[in-house]
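Q: Need coordinates for the following:
(2 chains)
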Amino acid sequence: MTTTTKNALKVVAEPGKQELFIYREFDAPRENVFKAFTDPKLVVQWLGPKDLKMEVEKYDIRTGGSYRYTHSDSRGKYAFNGVVHEVHAPERIIQTFEFEGLPERGHVSLDTALFESLPGNRTRVTMQSVFRSVTDRDGMVNSGMERGVREGFERLDVILEN
Amino acid sequence: MTIQARRDVFQAIADPTRRDILNLIARHSLNLNAIAEQFDVSRPAISQHIKILTECGLIIMREQGRERYCELQPQKLEAVADWLKPFHKRWEHHFDKLDIVLQKMKPTKKTKK
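A: Below is the predicted model:
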């Protein structure tokens, strides 16, 4: 799972644990990466799945703020929401995350994103999500699995060309 | 008290000692004594871990003369990597798009270190 390629994504989800980590480096200064994570106009350009439409209802990434957005396709709408615990620009965002489409409410994760400046105007992002249970964590990892398999990359190409 | 334990690769590697055992025998097979020497825990505890790893199909015991060696079955571990793959792909996809977003920002924005 560990790769040495430049800017390779690393996902760590150890069995039996309630957390998962996502690591990625970017060829951009920290302020820009931070902005791309917090400015809704930029977030919609990369956080939406490719065959679903992403709509931001609210995206107020400030300490005490909150967010809600939906992904929709022909079969329905999927909503996600959370509150922002703390934003320390441009190095840290701590927020909750909930997928509203689960059979019951209350399965929330606490997500921390750290932005670290690297030499050469590069940035390392570390994202940690802590879930209420191992089952919740595993469910999150498994969600969208089907979709992931079904999806091609055609739509991405279209988006990128425009 | 009876607990029906899961016997699959995820259960096998959920324990840090068992992960260490797998790392230890990854390069070459070792017998039980050689493995037990590397740990502070008791030999029966190590035996129990090896038993679980065997039941999960992650190691097999090979007889060589009077010794029994633990041999890693690495192909079983692929199930773990496969499990993460779609999630990994999804985030790769997001971040590939984010790279494009960041590229577009570059020329217009001068930022201090």
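
Q: going forward, measure contacts and count neighbours with C-alpha atoms only.
A: Will do.

Q: got the contact list for stretch B:44-54?
A: Counting by C-alpha atoms under 8 Å, 6 or more residues apart in numbering or on different chains, the neighbours of stretch B:44-54 from elsewhere in the structure are B:7, B:12, B:17, B:18, B:32, B:35, B:36, B:59, B:60, B:61.

Q: 10 Å - rerun?
A: Defining contact as C-alpha atoms under 10 Å, 6 or more residues apart in numbering or on different chains, one finds that stretch B:44-54 is touched by B:5-9, B:11-13, B:15, B:17-19, B:21-22, B:32-33, B:35-37, B:39-40, B:42-43, B:55-61, B:70-73.

Q: mind checking the SS state of the spatially most central residue of chain A?
A: Closest to where the C-alpha atoms of chain A average out (C-alpha atoms, centre = their mean) is residue A:47, at 6.6 Å. Classification of residue A:47 into helix, strand or coil gives coil, according to DSSP: H, G, I helix; E, B strand; the rest coil.

Q: With the flanking residues excluded, which residue is spatially nearest to it?
A: Closest residue to residue A:47 in three dimensions, ignoring its sequence neighbours and counting by C-alpha to C-alpha, 6 or more residues apart in numbering or on different chains: residue B:94, at 5.6 Å.

Q: Is that neighbour within a helix or a strand, and which one?
A: Element membership for residue B:94, per DSSP states H and E: helix B:78-105.

Q: thought residue B:11 was touching residue A:17?
A: No - proximity of residue B:11 to residue A:17 does not meet the contact threshold set by C-alpha atoms under 10 Å, at 11.2 Å.

Q: In ChimeraX, how would I select just the buried ones from the contacts of stretch B:44-54?
A: Written as a ChimeraX command, the selection of buried residues from the contacts of stretch B:44-54, which uses 16 or more other C-alpha atoms under 10 Å in any protein chain shown, is:
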select /B:8,9,11,12,13,18,21,22,32,35,36,55,56,57,58,59,60,61,70,71,72,73
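
Q: Filter the contacts of stretch B:44-54 down to just the ones in strands.
A: Taking DSSP state E as the definition of strands, the contacts of stretch B:44-54 contribute B:59, B:60, B:61, B:70, B:71, B:72.

Q: Tell me the one of the residues you listed nearest residue A:90?
A: Within the set of these, residue B:72 lies nearest residue A:90; the separation is 45.3 Å, counting by C-alpha to C-alpha.

Q: could you list every residue that touches the closest one?
A: B:21-30, B:53-54, B:57-61.

Q: got a list of what residue B:39 touches?
A: With contacts defined as C-alpha under 10 Å, 6+ apart, the neighbours of residue B:39 are B:17, B:20, B:21, B:45, B:46.

Q: among the residues you listed, which are in helices?
A: The subset of these located in helices under the criterion DSSP state H comprises B:17, B:20, B:21, B:45, B:46.

Q: Could you tell me how far the fourth one is located from chain A?
A: When you say that, I think you mean residue B:45. Distance, residue B:45 to chain A, by C-alpha to the nearest C-alpha, to the nearest Å: 20 Å.

Q: same deal with the third one?
A: In this structure, residue B:21 and chain A are 16 Å apart, going by C-alpha to the nearest C-alpha.

Q: do the same with residue B:26
A: 16 Å.

Q: how many other residues sit next to that residue?
A: Other residues lying near residue B:26 total 15 when counted by other C-alpha atoms under 10 Å in any protein chain shown.
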